[in-house]
Every structure is written in structure tokens, then in C-alpha cells.
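> How does the following fold in three dimensions:
(one chain, ligands or ions: 1)
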Amino acid sequence: MAYRMHTFESRTALAEAMADRVAAQLSAAIAARGTASLAVSGGSTPGPFFETLATRDIGWDKVTITLVDERFVPADHPRSNHLLVATHLLKSKASVARFIPLYHATENVEEAASLATQETAALGAPLDVVILGMGLDGHTASFFPGGDRLEGALDHTGPRRVMTMKAEGAGETRLTFSYPTLADARLLLLHIEGAEKKAVLDQAIAGTDVHAMPIRAILNGAPSTPDIYWAP
Ligand SMILES: O=C(O)[C@H](O)[C@@H](O)[C@H](O)[C@H](O)COP(=O)(O)O
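Numbers count the residues shown, from 1 in each chain. Predicted coordinates:
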């Protein structure tokens, strides 16, 4: 396993430190290449961090934000990760950032995945910053244990794409970047909070079966060494 652990006294301290780290990486990308790319996860954890990041004074007009994964629901649906980002991140100084959604109101989810693959290809590779979360089942992005396309999603030599994923623990059908797009980010972060998530992380570190706990594919063998940010 290769990772760097960053532990904080409080979730506020974590949000401030991670916002500084992400802002610095985005600014460095803009200085080096004129633009920056940021892919974020959804769920219940990142909201306060998004609010903090949105206050950072960087060249947000040169930043494109997208999602690590998305539920196949429209942007006005309460389970939408696009809605989460629009509410908590595309505001304040970050309101001028460009956003590329993964969801498209297409006939079927495969068409939406194909459109999202085309639209996000413009971000180039590697992405500058990828922020992952982790579920209590050890999933990350939409790499769920038992996912119908988990094998293809985790293929280190597979195409950089947005693909569909169905799994018992996922709720709606998902749209998710594949492993190659996420795992070689210039800055690869895993943001988890609480004692339960720490126990799941420890369990993931103690084992090797990536199908049982897909987060292991990030902790072990990712081209980029992930920085884990954790607070109780
Ligand atoms: O769409 C999603 O749900 C996320 O992208 C997903 O991968 C998330 O990071 C984990 O499920 C953790 O979610 P919580 O922060 O809600 O625990």
C-alpha cells in the first residue's frame, strides 16, 4: 500500500488544510498550463470542504470542475452530485469556474456515459486534482463491490472514459470515471471523516482483494500516491 496520511483535530481544520492544498495545486496548474481541472466526489462528506474551497482566491475562471461520479438523476434531483456542487462549490470566488456534468437527459444511461466521455475528454490527461470519497463498503467513485462493470472500471490498462455502473449498494444507476482517469491525477486525494470510515480504511489497508473493497485499487498500485485526509 502506498499513501500519505494526514490526520486533523477537527473537520474544520481538515477543510481549511485541504482547501489550501487543492487551491495551491490548481494555481500551479494554471501557472504551468493556463488551465486547471478538478474532479470531485459527491455524497454527504464534501459539502463543508466545498464551501471552504469556494472562498479561495485563485484563477477560478481558468478552472474546469467535473464529477468523479454521478447518480443517473437530473441536476434538480436531491440525490444529484451536480446539485451538491452547484449548491456548495460553484459559489463565492469559485462561481466563475466552468462545470462539466456527467448526467445527460438521454434515452438511456449508456448514451449519457458516451456524451460525458466525449465532453470530459477536453480536460486532457492527467487531471490536475481528483478528490475521492469512500463508502462504508469500501467503494470509491462508483466502484462498488458487486458492481456489474467493476472489472472494466478497475482495469488499469483500460480506456479513460465515463462508464455506467449498477450495484446493489449504489441506489440509482451510476455514471463514473474509470480507474485510469482517476488514478494518475497530479494530486490524488481521499477525503474521509469519522471513526467508522477510519475503521473501514484500516480494514482496506489490511487486505488485498480489490473486488471486495475497491478503494484498495487506489491505495495499492495507483500511478499517483494518494493523500488521505481524515478527521474524527
Ligand atoms: O456519488 C457518490 O456517492 C460519491 O461519489 C461516492 O463515491 C462517495 O464518495 C462515497 O459514497 C462516500 O459518500 P459519503 O460522503 O456520503 O459517505
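> any idea how far the closest residue in space to Arg174 that isn't next to it in sequence is from Ala116?
Among residues not flanking Arg174 along the chain, Ser142 sits closest, at 3.7 Å (C-beta to C-beta, 6 or more residues apart in numbering). C-beta here means a position set from N, CA and C on the backbone, and glycine is covered the same way. Applying C-beta to C-beta, to the nearest Å, the value for Ser142 to Ala116 is 12 Å.
> tell me, how many neighbours does Ser95 end up with?
12 (other C-beta atoms under 10 Å).
> quick one, phi/psi of the residue nearest to Arg174?
phi -110, psi 30 (degrees, to the nearest 10).
> Over to Ala19?
phi -60, psi -40.
> Show me which residues of the chain sit near the ligand.
Residues of the chain lying close to the ligand by C-beta under 6 Å from any ligand atom are 41-45, 68-69, 81, 133-135, 140-141.
> Tell me who's in contact with Trp230.
Met5, His6, Thr7, Phe8, Leu14, Ile192, Glu193, Lys197, Lys198, Leu201 (C-beta atoms under 8 Å, 6 or more residues apart in numbering).
> ok, what's across the strand from it?
According to DSSP bridges, the partner residues bridging Trp230 are Thr7, Ile192.
> Next one, pLDDT for it please.
Confidence at Trp230, expressed as pLDDT, is 98.
> Offset the numbering so it begins at 143, please.
Okay, residue one is now 143; in that scheme the one you just asked about reads as Trp372.
> which one of the contacts of Trp372 is nearest Arg358?
Leu343 (10.3 Å; C-beta to C-beta).
> Which secondary structure state does the closest one sit in?
helix (DSSP: H, G, I helix; E, B strand; the rest coil).
> my guess is it meets Pro368, correct?
No: Leu343 is beyond contact range of Pro368, at 11.0 Å (criterion: C-beta atoms under 8 Å).
> ok, those two, which is more surrounded?
Between Leu343 and Pro368, Pro368 has the larger neighbour count (other C-beta under 10 Å), namely 24 against 21.
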